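Undergrad: predicted model follows, preceded by the sequence.
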Amino acid sequence: MRPTTELVSDEPASPLWIDRLVELHVLAANGDTAAAAAAASWMAEDGEARRVWEDVQRTCDQVRAARPGE
């Protein structure tokens, strides 16, 4: 899990934890129940992780909508 320290206003988020969250999202979307459980546990404890997860989900939904039939 990522550190609980908050970022200073315009400091970028650590890409390592975001990469890990995206990886869990891809795995969960493809049926990996362990990844889904790990992500759910993480998001239950971390509102920023939940926000990023929801952003990733919206992006995936937009990509799918733009490529019908695939």
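TA: Cool, got the structure.
Undergrad: buried residues, the helix ranked longest in the chain. List them.
TA: The longest helix of the chain (DSSP state H) is helix 47-66. Residues 48, 49, 50, 52, 53, 56 are the ones in helix 47-66 that count as buried (16 or more other Cβ atoms under 10 Å). Any C-beta I mention is one placed from the backbone N, CA and C, and that applies to glycine too.
Undergrad: and for stretch 22-33?
TA: Buried, per 16+ other Cβ under 10 Å, within stretch 22-33: 22, 24, 25, 27, 28.
Undergrad: which residue sits closest to the fourth one, ignoring its sequence neighbours?
TA: This points to residue 27. residue 35 (3.5 Å; Cβ to Cβ, 6 or more residues apart in numbering).
Undergrad: from memory that neighbour sits against residue 20, does it?
TA: No - the criterion here is Cβ atoms under 8 Å, and residue 35 misses it with residue 20 at 10.3 Å.
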